[in-house]
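>>> Sequence first, predicted model second:
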Amino acid sequence: MTDQVKACFTFDAACDAAIEMETQIYKLFLGAIRIVKDKAANEILQEAATVRLGIKQKLEMAALRGGIDEQEIQGAVRVMNLAHSIRCCDLQQINAKADNRKALAFAIQMSKNALEFYRGMSDQCSGAPMAKLFSSLGDDQTRYLQQLEDTYEKHFLPEG
(Lines give C-alpha, C1' and ligand atoms only; values in the text may rest on other atoms or scores of the structure.)
Protein backbone atom coordinates (compact mmCIF):
# COMPACT_ATOMS: atom_id res chain seq x y z
CA MET A 1 0.00 0.00 0.00
CA THR A 2 2.74 2.50 0.84
CA ASP A 3 5.39 1.20 -1.54
CA GLN A 4 7.07 4.10 -3.25
CA VAL A 5 6.57 4.30 -6.97
CA LYS A 6 9.86 3.79 -8.85
CA ALA A 7 8.75 5.03 -12.27
CA CYS A 8 5.81 6.75 -13.84
CA PHE A 9 3.10 4.46 -15.19
CA THR A 10 0.80 4.99 -18.13
CA PHE A 11 -2.33 6.88 -17.13
CA ASP A 12 -4.40 3.69 -17.08
CA ALA A 13 -1.81 1.77 -15.06
CA ALA A 14 -1.46 4.65 -12.60
CA CYS A 15 -5.23 4.78 -12.12
CA ASP A 16 -5.34 1.00 -11.69
CA ALA A 17 -2.60 1.15 -9.03
CA ALA A 18 -4.44 3.88 -7.13
CA ILE A 19 -7.78 2.07 -7.40
CA GLU A 20 -6.12 -1.08 -6.05
CA MET A 21 -4.61 0.86 -3.13
CA GLU A 22 -8.01 2.42 -2.30
CA THR A 23 -9.63 -1.02 -2.53
CA GLN A 24 -7.09 -2.43 -0.07
CA ILE A 25 -7.72 0.39 2.41
CA TYR A 26 -11.49 -0.03 2.02
CA LYS A 27 -11.17 -3.76 2.73
CA LEU A 28 -9.17 -3.01 5.89
CA PHE A 29 -11.95 -0.70 7.06
CA LEU A 30 -14.61 -3.25 6.15
CA GLY A 31 -12.77 -5.93 8.11
CA ALA A 32 -12.50 -3.61 11.10
CA ILE A 33 -16.21 -2.70 10.91
CA ARG A 34 -17.08 -6.38 11.07
CA ILE A 35 -15.16 -7.01 14.30
CA VAL A 36 -15.23 -3.75 16.30
CA LYS A 37 -17.95 -3.82 18.94
CA ASP A 38 -17.94 -0.17 20.06
CA LYS A 39 -20.72 1.77 18.30
CA ALA A 40 -18.87 5.11 18.13
CA ALA A 41 -15.74 3.38 16.80
CA ASN A 42 -17.82 1.57 14.20
CA GLU A 43 -19.37 4.84 13.02
CA ILE A 44 -15.90 6.35 12.57
CA LEU A 45 -14.79 3.32 10.57
CA GLN A 46 -17.94 3.38 8.42
CA GLU A 47 -17.45 7.07 7.63
CA ALA A 48 -13.81 6.45 6.70
CA ALA A 49 -14.80 3.51 4.47
CA THR A 50 -17.38 5.70 2.75
CA VAL A 51 -14.73 8.35 2.07
CA ARG A 52 -12.49 5.67 0.52
CA LEU A 53 -15.34 4.60 -1.77
CA GLY A 54 -15.78 8.21 -2.90
CA ILE A 55 -12.10 8.50 -3.71
CA LYS A 56 -12.16 5.19 -5.56
CA GLN A 57 -15.14 6.41 -7.60
CA LYS A 58 -13.28 9.63 -8.44
CA LEU A 59 -10.36 7.52 -9.68
CA GLU A 60 -12.63 5.29 -11.73
CA MET A 61 -14.26 8.36 -13.33
CA ALA A 62 -10.82 9.80 -14.10
CA ALA A 63 -9.83 6.50 -15.72
CA LEU A 64 -13.06 6.47 -17.71
CA ARG A 65 -12.69 10.09 -18.86
CA GLY A 66 -8.93 10.02 -19.30
CA GLY A 67 -8.34 12.79 -16.77
CA ILE A 68 -9.75 14.90 -13.98
CA ASP A 69 -12.16 17.82 -14.34
CA GLU A 70 -10.53 21.20 -13.70
CA GLN A 71 -13.28 22.30 -11.29
CA GLU A 72 -12.45 19.37 -9.00
CA ILE A 73 -8.92 20.63 -8.32
CA GLN A 74 -8.37 22.40 -4.98
CA GLY A 75 -5.19 23.12 -3.06
CA ALA A 76 -3.57 21.18 -0.25
CA VAL A 77 -3.88 22.14 3.41
CA ARG A 78 -1.39 21.70 6.23
CA VAL A 79 -1.72 18.64 8.43
CA MET A 80 -0.30 17.93 11.90
CA ASN A 81 1.23 14.56 10.99
CA LEU A 82 -0.37 12.86 13.98
CA ALA A 83 -0.02 9.46 12.31
CA HIS A 84 3.56 9.18 13.58
CA SER A 85 2.67 9.83 17.22
CA ILE A 86 -0.65 7.99 17.64
CA ARG A 87 -0.04 4.58 16.13
CA CYS A 88 -2.88 2.56 17.57
CA CYS A 89 -2.24 -0.87 16.29
CA ASP A 90 -0.84 -2.93 13.47
CA LEU A 91 -1.96 -1.30 10.25
CA GLN A 92 -3.45 -4.55 9.06
CA GLN A 93 -5.48 -5.16 12.21
CA ILE A 94 -7.74 -3.48 14.66
CA ASN A 95 -9.27 -5.58 17.42
CA ALA A 96 -12.83 -6.02 18.62
CA LYS A 97 -12.18 -3.93 21.74
CA ALA A 98 -11.12 -0.85 19.78
CA ASP A 99 -12.74 2.35 21.00
CA ASN A 100 -13.41 5.55 19.09
CA ARG A 101 -9.88 6.80 19.80
CA LYS A 102 -8.29 3.73 18.23
CA ALA A 103 -10.71 3.81 15.31
CA LEU A 104 -9.86 7.44 14.63
CA ALA A 105 -6.12 6.73 14.93
CA PHE A 106 -6.57 3.84 12.48
CA ALA A 107 -8.39 6.13 10.02
CA ILE A 108 -5.60 8.71 10.34
CA GLN A 109 -2.97 6.05 9.63
CA MET A 110 -4.80 4.79 6.55
CA SER A 111 -5.30 8.33 5.26
CA LYS A 112 -1.62 9.14 5.81
CA ASN A 113 -0.65 6.04 3.82
CA ALA A 114 -2.91 7.12 0.96
CA LEU A 115 -1.46 10.64 1.06
CA GLU A 116 2.08 9.26 0.81
CA PHE A 117 1.04 7.08 -2.12
CA TYR A 118 -0.55 10.00 -4.02
CA ARG A 119 2.37 12.34 -3.34
CA GLY A 120 4.80 9.67 -4.53
CA MET A 121 2.80 9.09 -7.70
CA SER A 122 2.57 12.84 -8.35
CA ASP A 123 6.32 13.31 -7.86
CA GLN A 124 7.27 10.35 -10.04
CA CYS A 125 4.91 11.41 -12.81
CA SER A 126 5.77 15.12 -12.71
CA GLY A 127 5.02 16.59 -16.12
CA ALA A 128 2.94 13.61 -17.24
CA PRO A 129 -0.84 13.89 -17.72
CA MET A 130 -1.59 11.89 -14.56
CA ALA A 131 0.50 14.14 -12.29
CA LYS A 132 -2.42 16.57 -12.00
CA LEU A 133 -4.76 13.75 -11.00
CA PHE A 134 -2.47 12.48 -8.25
CA SER A 135 -1.63 15.97 -7.06
CA SER A 136 -5.36 16.66 -6.76
CA LEU A 137 -5.98 13.38 -4.93
CA GLY A 138 -3.10 14.17 -2.56
CA ASP A 139 -4.57 17.61 -1.92
CA ASP A 140 -7.98 16.06 -1.24
CA GLN A 141 -6.29 13.65 1.13
CA THR A 142 -4.73 16.52 3.10
CA ARG A 143 -8.16 18.06 3.63
CA TYR A 144 -9.61 14.77 4.86
CA LEU A 145 -6.56 14.06 7.01
CA GLN A 146 -6.83 17.53 8.53
CA GLN A 147 -10.46 16.83 9.48
CA LEU A 148 -9.47 13.55 11.12
CA GLU A 149 -6.55 15.14 12.97
CA ASP A 150 -8.66 18.08 14.15
CA THR A 151 -11.24 15.66 15.52
CA TYR A 152 -8.53 13.62 17.25
CA GLU A 153 -6.95 16.75 18.71
CA LYS A 154 -10.29 18.08 19.95
CA HIS A 155 -11.28 14.87 21.72
CA PHE A 156 -8.06 13.14 22.72
CA LEU A 157 -5.11 15.51 23.01
CA PRO A 158 -4.75 17.39 26.28
CA GLU A 159 -4.48 21.14 26.10
CA GLY A 160 -1.24 22.75 27.08
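Cool, the structure landed.

>>> Any stretches of this protein with poor pLDDT?
Along the chain, the parts satisfying pLDDT under 70 run over 1-7, 69-93, 160.

>>> ok, Met61 to Ala32 distance?
In this structure, Met61 lies at 27 Å from Ala32, with Cβ to Cβ, to the nearest Å as the measure. Bear in mind the C-beta positions are built from the backbone N, C-alpha and C, glycine included.

>>> Also Lys154?
From Lys154 over to Ala32 (counting by Cβ to Cβ), the distance is 22 Å.

>>> same question, Lys56
17 Å.

>>> Neighbour count: those two, which is higher?
Here Lys56 and Ala32 are compared on neighbour count by other Cβ atoms under 10 Å; more neighbours surround Ala32, at 27 against 18.

>>> Would you mind pointing out the helix or strand the more buried one falls in?
Secondary structure assigned from DSSP states H and E places Ala32 in helix 11-35.

>>> Just give the number of residues close to Glu60.
If we define neighbours as other Cβ under 10 Å, then Glu60 has 14 of them.

>>> Is it in contact with Ile19, as I believe?
Yes - taking Cβ atoms under 8 Å as the contact criterion, Glu60 and Ile19 are neighbours in contact, 6.4 Å apart.
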